[in-house]
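Colleague: mind folding the following:
(one chain, ligands or ions: 2)
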Amino acid sequence: MTDRTRFLFRKSAGRGGVCFVCLVLAFSFSACADNASISSPSAKVEFFAMNTLMSIEVRGAEAEAAVAAGRDEVYRLERLLSRTDPKSEVSAINTAAGSEWTEVSEETFSLIQTALLYSEETEGAFDITIAPVMDLWGFSSGEHRVPDDAEIGSVLERIGYEHLLLDETGFRVKLENPGMSMDLGAVAKGYAGDRVKEIIKQFDFETALINLGGNVTVIGRKPNGDLLRVAITDPENRQQYLGVLGSEDTHVITSGGYERFFEQDGKVYIHIMDPETARPAQSDLLSVSVIDSNGVRSDILSTALFVMGREEAIRYWSGHRDLGLVMAKVDGEVLVSKNLLGTFRVTEGKSVTYFDGE
Ligand code: ADP
Ligand code: MG
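Modeller: Ligands and ions are numbered 1, 2, ... in the order given. This is a model prediction of the structure:
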């Protein structure tokens with residue numbers, strides 16, 4: 001079990017028996033959605049997939065079928081995108097690195113294509129060819145270690161999104177050099193969130209709360225019309241919140257160094273890497289939460305903006321003002337994009353700055 005799997009999920013029956021209150025305290029943040037209805041059935045599944053604990057909770061006439069279909073979709077995507085499943089399409093691409101083109105499904109192709117677009121847009125802060133770096137630091141095996149400079153130098157030659165080649169005519173993918181490898185860890189859960197959302201919407205339902213290892217998606221409103229609430233964990237004290245967001249039909253996706261890390265000789269090494277240095281990102285942020293209706297975009301950007309740091313993240317936001325951003329600085333200050341005024345309520349006593357671009 002990794003750090004990510006320390007998961008506390010409390011479900012309580014409220015008045016009427018079908019109120020759900022959830023508290024997720026694991027590695028990134030807590031989600032809290034409460035509801036009260038005496039008429040609609042609700043269903044919940046908890047399961048382990050994509051190397052983390054997940055839960056899907058739905059209220060509505062077809063709740064039972066909706067949660068089961070959502071979970072099956074996550075399993076399907078895991079079989080497609082996992083780099084540790086030798087039968088996945090991603091494994092096929094990795095195995096053929098430096099030699100063959102690999103034909104993949106249109107779905108996998110298009111996710112990789114989107115990831116590449118964001119690599120370009122973030123000038124390499126986001127890079128799915130990061131896998132050899134994750135291996136080198138022991139994050140893939142769990143046997144963490146600090147590599148020496150020679151190892152860093154050599155791994156830098158085996159990463160770089162510009163060496164990930166796409167052939168649109170045949171949905172073919174190729175990693176140009178031997179030893180290259182692809183890791184969709186920073187985007188697969190976001191995509192799964194999009195898909196589960198779509199699938200649940202095909203059923204008769206009222207409210208859904210999807211938690212894919214800390215990537216939270218909420219759909220619908222409480223029976224009284226109120227917004228559902230998602231609390232974002234305070235990275236300095238995971239029992240506390242930075243604040244609470246009222247949301248409807250949105251993803252709240254957080255990346256933070258505190259989610260997965262190891263310590264050696266008094267130094268902390270986090271699982272989010274700076275592809276430029278092949279070392280853990282030296283961010284001036286403790287966490288970045290991206291609030292958006294597109295899960296892929298939220299997941300990618302939570303990682304990328306964390307790597308980029310405060311100044312560049314705010315610059316990026318200036319050009320993409322439809323995004324909601326909540327960032328925790330290392331000095332404890334909370335930075336919130338101005339478009340979340342009235343939507344995100346910062347915990348009392350926290351120092352907060354609302355930013356409005358550069
Ligand atoms: P989590 O998966 O813990 O929610 P992220 O979405 O930030 O957090 O993804 C981190 C994971 O993505 C790492 O475990 C690794 O597999 C991969 N990764 C690390 N650094 C990068 C990066 N700069 N670009 C793309 N993927 C990365
Ligand atoms: Mg991410």
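
Colleague: which parts of the protein sit against ligand 1?
Modeller: Contact residues (C-beta under 6 Å from any ligand atom) of the chain with ligand 1: 126-128, 130, 134, 183, 185-186, 214, 255, 259-260, 271-273, 275, 299, 302-303, 307. Heads up, the C-betas are built off the backbone N, CA and C, glycines and all.

Colleague: wait, a helix at residue 78?
Modeller: Yes - the assignment for residue 78 by DSSP: H, G, I helix; E, B strand; the rest coil puts it in a helix.

Colleague: separation between it and residue 57?
Modeller: Per C-beta to C-beta, to the nearest Å, residue 78 is found 20 Å from residue 57.

Colleague: where exactly do the strands run in the stretch 51-200 of the chain?
Modeller: Here the stretch 51-200 of the chain has its strands, by DSSP state E, counting those that start in this stretch, at 52-59, 102-103, 164-167, 172-175.

Colleague: for ligand 2, find the nearest of the ones you listed.
Modeller: Nearest of these to ligand 2, taken as C-beta to the ion: strand 52-59 at 12.2 Å.

Colleague: does ligand 2 sit close to the closest one?
Modeller: No - using C-beta under 5 Å from the ion, we find that strand 52-59 stays clear of ligand 2, coming within 12.2 Å at best.

Colleague: can you tell me the residue of this protein closest to ligand 1?
Modeller: For the chain, the residue closest to ligand 1 is residue 185, as judged by C-beta to the nearest ligand atom, at 2.8 Å.

Colleague: distance of that residue relative to residue 291?
Modeller: 21 Å.

Colleague: for the nearest residue to residue 253 once chain neighbours are set aside, helix, strand, or coil?
Modeller: Among residues not flanking residue 253 along the chain, residue 298 sits closest, at 4.0 Å (C-beta to C-beta, 6 or more residues apart in numbering). State at residue 298, reduced to three classes by three-state DSSP: helix.

Colleague: might one say that residue 298 is in contact with residue 291?
Modeller: Yes - counting by C-beta atoms under 8 Å, residue 291 is a contact partner of residue 298 at 7.1 Å.

Colleague: what do the two both touch?
Modeller: 251, 252, 253 (C-beta atoms under 8 Å, 6 or more residues apart in numbering).

Colleague: quick check: mean pLDDT of the strand or helix carrying the second one?
Modeller: Going back to what we said before, that points to residue 252. In the assignment (DSSP states H and E), residue 252 maps to strand 250-256. Strand 250-256 carries an average pLDDT of 96.

Colleague: partners of it, with directions?
Modeller: Applying DSSP bridges to the sheet, strand 250-256 is found paired with strand 215-219 (antiparallel), strand 285-292 (antiparallel).

Colleague: quick one: which of those is nearest residue 204?
Modeller: Nearest to residue 204 among the strands paired with strand 250-256 is strand 215-219 (13.0 Å), distances taken as C-beta to C-beta.

Colleague: and the angle from the following helix or strand past that closest one to strand 285-292?
Modeller: Downstream of strand 215-219, the next assigned helix or strand under DSSP H and E is strand 228-234. On the basis of axes from the mean of the first three to the mean of the last three C-alpha atoms, to 10 degrees, strand 228-234 is oriented at 160 degrees to strand 285-292.

Colleague: which residues sit against the following helix or strand past strand 228-234?
Modeller: From strand 228-234 onward toward the C-terminus, using DSSP H and E, the following helix or strand is strand 237-247. Here strand 237-247 makes contact (C-beta under 8 Å, 6+ apart) with 25, 27, 29-30, 32, 218, 226-235, 252, 258, 287, 289, 291, 324, 326, 328, 334, 336, 340, 343-347, 350, 352.

Colleague: okay, stretch 49-66 in PDB with CA atoms only?
Modeller: Provided in PDB are the C-alpha atoms of stretch 49-66 (Å, rounded to 0.1, in the frame of the first residue of the first chain):
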ATOM      1  CA  ALA A  49      -7.800   1.000  -9.300                       C
ATOM      2  CA  MET A  50      -5.100   3.000 -10.900                       C
ATOM      3  CA  ASN A  51      -3.000   2.400  -7.800                       C
ATOM      4  CA  THR A  52      -5.400   4.300  -5.500                       C
ATOM      5  CA  LEU A  53      -8.600   4.000  -3.700                       C
ATOM      6  CA  MET A  54     -11.700   5.200  -5.400                       C
ATOM      7  CA  SER A  55     -15.300   5.700  -4.700                       C
ATOM      8  CA  ILE A  56     -18.400   6.500  -6.700                       C
ATOM      9  CA  GLU A  57     -21.600   7.500  -4.900                       C
ATOM     10  CA  VAL A  58     -24.900   8.200  -6.700                       C
ATOM     11  CA  ARG A  59     -28.300   9.100  -5.600                       C
ATOM     12  CA  GLY A  60     -31.300   8.500  -7.800                       C
ATOM     13  CA  ALA A  61     -33.600   5.900  -9.300                       C
ATOM     14  CA  GLU A  62     -30.800   4.000 -11.100                       C
ATOM     15  CA  ALA A  63     -28.100   4.600  -8.500                       C
ATOM     16  CA  GLU A  64     -27.100   1.000  -8.200                       C
ATOM     17  CA  ALA A  65     -26.600   0.500 -12.000                       C
ATOM     18  CA  ALA A  66     -24.900   3.800 -12.400                       C
END
